[in-house]
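Asker: here's a sequence, model it:
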Amino acid sequence: MFKNFFYNIDRVRSFINKGIFILLILSAALFYIFGLSVIIDKLVISNRDAESFLIANTNLNTVVYSVLPIIVIMMLVLYILILIFKNRESSYIYQFGQINRIQPKRKFGLLKFSFTVVVIISILSFWFYYTVKNYYELLPSKIVHHNIIKSKELTYSYNDIKDCDIKVKTRGKNDSELVYNINFNDGSSFDVAHNIYTEGSYIGAIGELDNIILDKKIKKNINKQNYYLLLNSKDEEEIKVYKRVFNE
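Answerer: Now for the predicted structure:
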């Protein structure tokens, strides 16, 4: 009788643990999908200058701050699962008319493990914050390279641009995108086409930047390979801007 009772307890607990696991996965997925855009909005876009027309980050920073939340979420899910399965390592005893649970002996220090997880997540969170805040903001008269340390922020004039590398990146016959690298005299560079915010339309912001580049007579290194793939399914306004960008 009691054997079946204990068996039923384990089955119910196993069902609850599976439900918790599914909820954790769904919550993590939703948090990543919606949470990342909210964080970018709060940390970057809401702090922009009123005159800025485009905000961009480097490709490396974008990859880092896109991947780090996945790692942190997976670590948290794994940590919670370890806690759940550690609690499952228990047995029951029937004494004096009561069912008592016998706690298992810990094979390793849970407190040390938890501390290690907290330290790793803290480091990854700081790294995430740094890459998000390390972005470029384009204004009509200057370009600001932001940093979490205010004293390390850099302000460039458009005369500080050495040249621009313009080309088309393709991932297939029907998948192409513009690459518009700004190269500064100090050796730093970033792709303005790989942006996270534009005031108005994307193509309008690219057009505004290209007008400044042309007005300042900054050298444009243009690679027209796959250029015509970029024009596929584009409207008249977009085609007009792309033609000017590629000096067509």
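
Asker: CA only for contacts and neighbour counts going forward, please
Answerer: Noted.

Asker: residue nearest the centroid of the protein?
Answerer: residue 66 (2.4 Å; Cα atoms, centre = their mean).

Asker: where does it sit, in terms of helix or strand?
Answerer: helix 59-88 (DSSP states H and E).

Asker: picking that back up, look up the closest residue to the residue nearest to the centre of the chain, ignoring the ones flanking it.
Answerer: Of all residues not flanking residue 66 in the chain, residue 36 sits nearest, at 7.9 Å (Cα to Cα, 6 or more residues apart in numbering).

Asker: how much space separates that neighbour from residue 120?
Answerer: 20 Å (Cα to Cα, to the nearest Å).

Asker: compare those two (neighbour count), which wins?
Answerer: residue 36 (15 against 12; other Cα atoms under 10 Å).

Asker: got phi/psi on that one?
Answerer: phi -60, psi -40 (degrees, to the nearest 10).

Asker: ok, now how distant is it from residue 67?
Answerer: Following Cα to Cα, the distance that separates residue 36 from residue 67 is 11 Å.

Asker: ok, now residue 76?
Answerer: If you go by Cα to Cα, the gap between residue 76 and residue 67 works out to 15 Å.

Asker: and these two? which has more neighbours close in?
Answerer: Neighbour count, other Cα under 10 Å: between residue 76 and residue 67, residue 76 has more, with 17 against 13.

Asker: low pLDDT regions in this protein?
Answerer: 1-21, 23-25, 27-34, 84-109, 172-173, 248 (pLDDT under 70).

Asker: strands of that one, residue ranges please.
Answerer: 54-56, 91-95, 98-102, 136-138, 143-145, 154-156, 161-172, 175-184, 189-191, 195-198, 220-222 (DSSP state E).

Asker: as TSV, those with distance to residue 80 would be great.
Answerer: As requested, those are exported to TSV (distance: least, Cα to Cα, whole Å):
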stretch	distance to residue 80
strand 54-56	36
strand 91-95	21
strand 98-102	21
strand 136-138	38
strand 143-145	39
strand 154-156	42
strand 161-172	38
strand 175-184	40
strand 189-191	39
strand 195-198	33
strand 220-222	52
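
Asker: will you turn those into CSV that also has mean neighbour count and distance to residue 241?
Answerer: Converted to CSV, the strands of the chain look like this (neighbours: other Cα atoms under 10 Å; distance: least, Cα to Cα, whole Å):
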stretch, mean neighbour count, distance to residue 241
strand 54-56, 25, 16
strand 91-95, 11, 71
strand 98-102, 11, 72
strand 136-138, 24, 18
strand 143-145, 19, 21
strand 154-156, 14, 25
strand 161-172, 17, 13
strand 175-184, 18, 12
strand 189-191, 20, 17
strand 195-198, 19, 15
strand 220-222, 16, 15
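
Asker: nearest to residue 22, out of the ones you listed?
Answerer: strand 91-95 (25.4 Å; Cα to Cα).

Asker: end to end, how far does stretch 213-220 reach?
Answerer: Stretch 213-220: ends 8 Å apart by Cα to Cα.
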